[in-house]
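Chemist: Quick one, structure for this:
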Amino acid sequence: MIEISIAEDFAAAGIAVSLGCLEARVEVRESDPALAAAMAEAVARRAEALADGAVAEIPEVAAARKAYKAGGKDPSRYRPSSEALLRRVAQGKGLYRINTLVDCNNLISLETGLPLGCYRRDRIAPPVVFRLGRGGESYQAIGRGPLNLEKLPLFADKEGPFGSPTSDSARTMIDLSTERMVMVLIAFGGDDRLDTRLSDATRTLERFCAATEVQRNIISSQWPSS
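Modeler: Next up is the predicted model:
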């Protein structure tokens with residue numbers, strides 16, 4: 001399984017973080033009627049619960065926003081992807097349909113409230129570290145062009161940054177030719193339910209992306225010393 005570590009940047013900023021990692025062989029298709037139905041049901045459940053518009057009060061979203069602020073990034077300008085997704089649902093806009101793997105990624109994020117990263121394994125050059133962005137770092141983000149990565153939580157490999165909880169890079173994005181993927185559930189503040197959530201995510205991927213050879217791992221940072 002791909003090697004991922006968590007840099008000391010987070011502990012130094014007073015941020016606890018846990019990563020739930022999945023690696024698997026998958027089949028990616030343009031669409032799946034059963035997946036579309038599952039997404040519609042999840043959207044309806046979340047929209048009803050978010051009728052008062054209190055997205056920022058969801059514990060997982062609040063934890064991500066707190067972590068962004070502690071690291072020095074404005075979470076209202078650079079929203080965690082789960083918050084952006086939940087805000088769409090609260091506004092009645094529903095979810096984008098991209099392909100079955102990206103759609104599964106969004107479904108899992110919607111259900112857990114956690115930002116997720118999903119990447120082509122063959123375009124990652126391990127080892128990978130989860131750290132805060134440095135001055136001058138950027139990449140071409142999917143659907144939004146150059147993204148300023150300074151102080152933003154991100155994943156980087158030997159070739160540099162390739163993903164963040166705000167927006168992932170075009171370099172490692174999922175497409176229909178993807179055969180092996182790495183998915184990471186990012187839990188700021190820690191999450192004692194990550195093992196269960198990884199099990200649920202595995203079932204989703206097995207059902208809609210024919211996932212096989214699944215490997216799972218949980219990586220946690222240490223709480224900063226007082």
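
Chemist: What strand or helix carries residue 130?
Modeler: Assessed by DSSP states H and E, residue 130 sits inside strand 128-132.

Chemist: What average pLDDT does the helix or strand containing residue 64 get?
Modeler: Element membership for residue 64, per DSSP H and E: helix 59-71. Regarding helix 59-71, the rounded mean pLDDT is 96.

Chemist: Identify all contacting residues around the helix or strand following it.
Modeler: Next helix or strand after helix 59-71 toward the C-terminus (DSSP H and E): helix 81-90. Residues from elsewhere that reach helix 81-90 (C-beta atoms under 8 Å, 6 or more residues apart in numbering): 43, 46-47, 50-51, 53, 55-56, 58, 60-61, 64-65, 75, 79, 94-95, 106, 109-110, 112-116, 165-167. Yep, even glycine has a C-beta here, placed from its N, CA and C like the rest.

Chemist: Which among these count as buried?
Modeler: Among those, those scoring as buried are 43, 46-47, 50, 55, 58, 60-61, 64-65, 75, 79, 95, 106, 109-110, 112-116, 165-167 (criterion: 16 or more other C-beta atoms under 10 Å).

Chemist: on that earlier part again, so what secondary structure elements neighbour the helix holding residue 64?
Modeler: Packing contacts for helix 59-71, counted by 3 or more C-beta pairs under 8 Å, 6 or more residues apart in numbering; DSSP states H and E, involve helix 9-12, helix 81-90, strand 153-157, strand 180-188.

Chemist: report the angle between the axes of that helix and strand 153-157?
Modeler: 80 degrees (axes from the mean of the first three to the mean of the last three C-alpha atoms, to 10 degrees).
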